[in-house]
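S.K.: Structure of the sequence below:
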Amino acid sequence: MQRRRLPALLLAAVLGAPAAATPAKGPAAHLELTPCRISDQQGLRSVAARCGRLAVAENPDAPAGRRLELAVAVVPAIATRAAPDPLFLLAGGPGQGARAAFAAHLDAFAGVRRERDLVLVDQRGTGDSNRLDCDFPEDSWEAGDLPPAELARLARDCLAQLPGQPAFYTTSVAVGDLDAVRAALGYERINLFGASYGTRVAQHYARRFPEHVRTLTLDAVAHPQLVLGPAIALEAQRALDAIFARCAADPACAQRFPDPGGQFRALLARLRRAPVSLRLPDPVTGAERDLEVGAGHLVIMARMLSYSGFGAALLPLVIDEAQARGNLVPLAAQALLIANQFEGAFALGMHNSVVCSEDAAHYADDFDRAALEQSYLGSTLYDGLVALCAVWPRGPVDPDLHAPLRSDIPVLLLSGEADPVTPPAYATAAAAAFSRHRHLVLAGQGHGQIGATCVQRVLRAFIAAGDVAGLDTRCADEIRPRPFFLSFAGPPP
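M.R.: Prediction:
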């Protein structure tokens with residue numbers, strides 16, 4: 001495997017500073033849109049849209065200075081006469097561009113799109129909005145191969161190559177961009193759908209511009225008080241333990257895999273001592289390739305498979321195949337598929353600007369390091385963030401970014417019971433800020449719930465009504481975890 005991109009996968013779901021940036025005043029610009037197609041990261045799926053570019057000041061306090069262009073796409077409503085309040089889709093990361101992140105998943109919003117436009121804005125520093133990216137060595141960070149000093153050096157090298165001033169790519173500045181796009185498109189009020197880190201953006205936009213928000217939908221919720229970084233490894237371990245516990249409570253899984261947790265720990269220790277060389281067909285190209293399978297491949301495979309119900313159902317089988325049978329090909333193939341799926345999906349420079357400005361300043365020295373080091377991710381990710389953020393410039397952060405929010409905007413919150421990075425407790429904390437809210441927790445599900453048909457129906461009804469009162473969510477009670485794979489032929493009948 002080329003040593004290049006896996007740290008971005010671990011950072012992708014992680015989710016003071018100078019005074020807050022203030023959007024430039026003056027008349028709203030007009031945004032011209034022309035026919036286009038937007039596609040996913042691999043270019044496998046595309047959708048017709050209308051696209052445009054809106055120039056904004058890189059430093060909002062210096063409107064005459066350097067400018068950047070925000071890439072905007074509007075997927076028009078199917079109705080001849082669209083409702084006046086569109087749905088804005090806000091991507092996760094930090095570091096995902098909305099256009100590529102949602103292009104392959106717009107079917108999930110087909111019900112909403114019957115009456116409303118869908119608006120996708122690549123947040124500054126992502127996608128095609130002056131993307132800030134870094135090229136860190138693959139699979140070294142999470143395996144502990146890169147010491148903090150080396151990460152700091154790589155961060156300095158990255159900073160020297162980035163276009164523009166990375167300090168001005170924070171959430172506090174980005175919500176001003178979002179409102180500029182809203183105004184330029186002529187919308188008075190909008191609905192917001194935020195996924196993962198996008199929930200932070202959505203909540204902060206609602207704090208800054210409440211008069212322009214009709215509804216909020218938050219999927220995989222990061223509440224405002226959350227500091228991204230210290231809890232990542234602990235939540236990942238909690239989710240993995242929960243998967244193994246669910247297997248133990250399932251008679252068929254328990255009989256087939258009596259101790260998946262013990263197998264995982266033994267396999268991780270073994271691969272940390274010595275990687276295993278093997279030859280396998282590349283799962284993407286089919287070409288034969290040589291690979292040294294190390295602890296980093298196991299870590300990234302376990303972490304990313306635990307994000308989805310399907311992946312969680314596969315985990316005990318892949319671990320057993322590697323540890324009990326000595327067959328590491330399925331493990332290696334999953335790691336390669338994950339790396340290919342996320343190749344280029346996250347702008348790591350923008351990610352660093354957000355986390356280092358908004359979260360690193362709140363890292364405490366008295367957290368439970370012993371618990372962190374006992375997790376399968378260990379402390380290397382946290383220590384790496386600390387080292388990286390020591391050299392990364394910090395930008396404008398609103399002083400109330402992490403303050404509790406108080407709002408009467410109606411909000412729908414979506415959680416997966418087994419989410420390894422934004423557990424339901426985070427959404428419960430966020431819900432306390434809203435006088436009108438509904439929180440759905442889907443049994444046994446991972447990170448992100450919009451793929452469920454039930455959730456799509458609820459979302460359409462919520463946005464159509466503009467309120468949670470009377471919302472029929474009974475279908476969510478019928479959702480169950482996927483059964484575990486007992487062989488590669490699939491779950492038992």
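
S.K.: ranges for the strands of the protein?
M.R.: Assigned by DSSP state E, the chain shows strands spanning 34-39, 46-57, 67-75, 87-90, 118-121, 190-195, 213-219, 276-281, 288-293, 411-416, 437-442.

S.K.: Those strands into CSV, with extra columns for distance to residue 472 and mean pLDDT?
M.R.: Every C-beta, even on glycine, is put in place using the N, C-alpha and C of the backbone. CSV is the format used below for those (distance: least, Cβ to Cβ, whole Å; pLDDT from 0 to 100):
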stretch, distance to residue 472, mean pLDDT
strand 34-39, 32, 96
strand 46-57, 29, 96
strand 67-75, 27, 98
strand 87-90, 20, 98
strand 118-121, 23, 98
strand 190-195, 19, 98
strand 213-219, 16, 98
strand 276-281, 48, 92
strand 288-293, 48, 92
strand 411-416, 13, 98
strand 437-442, 11, 98
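
S.K.: would you list the ones you listed in CSV and tack on distance to residue 151 and mean neighbour count?
M.R.: Listed next are the strands of the chain as CSV, based on distance: least, Cβ to Cβ, whole Å; neighbours: other Cβ atoms under 10 Å:
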stretch, distance to residue 151, mean neighbour count
strand 34-39, 33, 14
strand 46-57, 31, 18
strand 67-75, 27, 21
strand 87-90, 29, 28
strand 118-121, 31, 26
strand 190-195, 28, 26
strand 213-219, 31, 26
strand 276-281, 26, 13
strand 288-293, 22, 14
strand 411-416, 31, 28
strand 437-442, 36, 20
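
S.K.: For the ones you listed, could you give me TSV that also reports distance to residue 262?
M.R.: What follows is the strands of the chain, written out as TSV (distance: least, Cβ to Cβ, whole Å):
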stretch	distance to residue 262
strand 34-39	44
strand 46-57	46
strand 67-75	48
strand 87-90	41
strand 118-121	45
strand 190-195	35
strand 213-219	34
strand 276-281	19
strand 288-293	20
strand 411-416	26
strand 437-442	29
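
S.K.: Among those strands, single out whichever gets nearest to residue 388.
M.R.: Closest approach to residue 388 among the strands of the chain (Cβ to Cβ): strand 67-75, 23.2 Å.

S.K.: The closest one: partners in the sheet, and parallel or antiparallel?
M.R.: When sheet partners are counted by DSSP bridges, strand 67-75 sits next to strand 46-57 (antiparallel), strand 118-121 (antiparallel).

S.K.: out of those strands, nearest to residue 459?
M.R.: Among the strands paired with strand 67-75, the nearest to residue 459 by Cβ to Cβ is strand 118-121 (12.1 Å).

S.K.: ok, residues contacting that closest one?
M.R.: With contacts defined as Cβ atoms under 8 Å, 6 or more residues apart in numbering, strand 118-121 is touched by 38, 49, 70-75, 86-90, 98-99, 102, 106, 109, 112, 129, 177-178, 181, 185, 190.

S.K.: which residues does the nearest residue to residue 386 once chain neighbours are set aside contact?
M.R.: With sequence-adjacent residues excluded and distances taken as Cβ to Cβ, 6 or more residues apart in numbering, residue 386 is closest to residue 363, at 6.4 Å. Contact analysis of residue 363 by Cβ under 8 Å, 6+ apart lists 227, 229-230, 382, 385-386.

S.K.: tell me, which helix in the protein spans the most residues?
M.R.: Longest helix in the chain by number of residues (criterion: DSSP state H): helix 232-249.

S.K.: Now do that helix: distance to the chain's middle.
M.R.: Relative to the centre of its chain, helix 232-249 is centred 19 Å away, using Cα atoms, centre = their mean, to the nearest Å.

S.K.: for that helix, packing partners?
M.R.: Applying 3 or more Cβ pairs under 8 Å, 6 or more residues apart in numbering; DSSP states H and E, one finds that helix 232-249 makes contact with helix 251-256, helix 260-273, helix 309-323, helix 369-374, helix 380-391.

S.K.: Neighbours of the residue lying closest to residue 272 once chain neighbours are set aside, how many?
M.R.: Spatial nearest neighbour of residue 272, excluding adjacent residues (Cβ to Cβ, 6+ apart): residue 295 at 4.5 Å. By the measure other Cβ atoms under 10 Å, the count of residues near residue 295 is 23.

S.K.: How much space separates residue 295 from residue 266?
M.R.: Noted for residue 295: a distance of 12 Å to residue 266, by Cβ to Cβ, to the nearest Å.

S.K.: now swap in residue 106 and tell me
M.R.: The spacing between residue 106 and residue 266, counted by Cβ to Cβ, is 43 Å.

S.K.: can you check residue 77 too?
M.R.: 54 Å.

S.K.: Just want to know which of these two has more residues nearby.
M.R.: Taking other Cβ under 10 Å, residue 77 and residue 266 do not tie; residue 77 has more neighbours (18 against 14).

S.K.: Let me see the contact set for the more buried one.
M.R.: By Cβ under 8 Å, 6+ apart, the contact set of residue 77 is 83, 86, 113-117.

S.K.: May I see the PyMOL selection of the buried members of those residues?
M.R.: A single PyMOL command is used to select the members of these judged buried by 16 or more other Cβ atoms under 10 Å:
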select buried, resi 83+86+113+115+116+117
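
S.K.: Outline the domain layout of the protein.
M.R.: Following automatic domain parsing, the chain resolves into domains at 21-227+400-478, 232-342.

S.K.: Redo these as JSON lines? Include distance to residue 377.
M.R.: Output for these, formatted as JSON lines (distance: least, Cβ to Cβ, whole Å):
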{"stretch": "domain 21-227+400-478", "distance to residue 377": "7"}
{"stretch": "domain 232-342", "distance to residue 377": "4"}
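
S.K.: Okay, and the beta partners of residue 213?
M.R.: residue 190.
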